[in-house]
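>>> Pasting the sequence and the predicted model now:
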Amino acid sequence: MLVFAKIKSIQQKIKSLPKGTSIGFVPTMGALHQGHISLVEKAKKENDIVVVSIFVNPTQFDREEDLVNYPKTIDSDLSLLKAVFCDLVFTPTAEEIYANNIQSANFNFDGLEHQMEGKFRQGHFDGVGTIVKRLFEIVTPTKAYFGEKDYQQLQIIRKMVHKSQLSVKIIPCDIFRETDGLAMSSRNTRLTNEHRNVAPFIYKTLKQAKIKFGTENALEVIKWVENEFKKEPLLELEYFEIADEETLLPIKTKNEKQKYRAFIAVFAGNIRLIDNISL
Ligand code: AMP
């Protein structure tokens, strides 16, 4: 496994690969867990080589506190990647990516960016679009792997690829969970024991909401979820929405032909957790 911090050196390596080599790419912010590794394993099966980037992208953080405290575990990240035979790792600094101008470009994702995370995290998806586009230019992947854990991000990347007519194929990957149902996240390591113990309540509620959605209308389900969270003082519900899987627009009336997903964001103390479920 080779590790590169400089754009020029990883580009040189990629250019030296035999013509036709397929490249699977997994962009990450590090503090890797089994969720990330499941993406790397999938990429490994489907491509000749796998590239993983580890970069805590400053332009996608809306809260300075979240950026500063984002966990960094580079040594253990590299051991985990080595163990699953990752080929190339890209670990640039912010200066390497942005030079002296740590700013996002402005994107139009046809409205996807105004829903849910876009409402609560100002500028987040401009930051995501900026870094993913830049990384795609550097790595030139054949396929890129994104977790459904960040479902809105996945749809936004698909939109960007389509609109910019990039040749990379976007591969969605299932949400990887702890045995108690909590979606794996780098931020989970920052939870207090108390918050970690109640956090599985999020997925438990999503599963119950899914069952209720079979017989009740969306408004009833939303009200029910909001009430459930009022009973759990350690968790503060930021939003719960039921939306169309493609457009991410909130459901108005249930249509049998459409596919829906429930999306949730919750604060456990000052740690923000997100999750979603297909309905
Ligand atoms: P991050 O390091 O949080 O930016 O995540 C990097 C990639 O891993 C993104 O495509 C995430 O959606 C994906 N990912 C993070 N957590 C999980 C998980 N629990 N299951 C599946 N994919 C995940």
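Received it, and whenever you're ready, just let me know what you need. Keep in mind that this is a model prediction, so the values were computed, not measured. Residues are numbered from 1 along each chain as shown.
>>> Please state the offset of stretch 44-51 from the chain centre?
The chain centroid and the centroid of stretch 44-51 are separated by 20 Å, computed with CA atoms, centre = their mean, to the nearest Å.
>>> what residues does the stretch 51-200 of the chain put near the ligand?
Taking CB under 6 Å from any ligand atom, the part of the stretch 51-200 of the chain that reaches the ligand is made up of 146, 147, 149, 150, 173, 175, 176, 183, 184, 185, 186. For the C-beta atoms, the positions are set from N, CA and C on the backbone; glycine is no exception.
>>> of all those residues, which comes closest to residue 194?
residue 185 (17.3 Å; CB to CB).
>>> What residues does that closest one make contact with?
33, 35, 149, 273 (CB atoms under 8 Å, 6 or more residues apart in numbering).
>>> Who does residue 242 form a beta bridge with?
The bridge-partner assignment for residue 242, based on DSSP bridges, gives residue 262.
>>> residue contacts, it?
213, 218, 221, 222, 250, 251, 260, 261, 262, 263, 279 are the contacts of residue 242 under CB under 8 Å, 6+ apart.
>>> right, and out of these, which lies closest to the ligand?
residue 263 (13.5 Å; CB to the nearest ligand atom).
>>> Spit out the contact partners of the closest one.
Applying CB under 8 Å, 6+ apart to residue 263 gives the contacts 116, 151, 152, 239, 240, 241, 242, 243, 274, 275, 276.
>>> thinking again about what came up before, please pick the buried ones from the contacts of residue 242.
By the neighbour-count criterion of 16 or more other CB atoms under 10 Å, these include these buried positions: 213, 218, 221, 222, 251, 260, 261, 262, 263, 279.
>>> Show me the helices in the stretch 101-250 of the chain, by range?
Taking DSSP state H, counting those that start in this stretch as the test, the helices found in the stretch 101-250 of the chain are 116-120, 124-139, 151-163, 193-198, 201-213, 218-230.
>>> Report the spatially nearest residue to the residue in the stretch 51-200 of the chain that the ligand sits nearest to, omitting neighbours in sequence.
Proximity of the stretch 51-200 of the chain to the ligand (CB to the nearest ligand atom) peaks at residue 147, 2.2 Å away. In space, and not counting its chain neighbours, residue 147 is closest to residue 173: 5.0 Å by CB to CB, 6 or more residues apart in numbering.
>>> pretty sure that neighbour contacts residue 150?
No - in terms of CB atoms under 8 Å, residue 173 does not count as a neighbour of residue 150; the distance is 10.5 Å.
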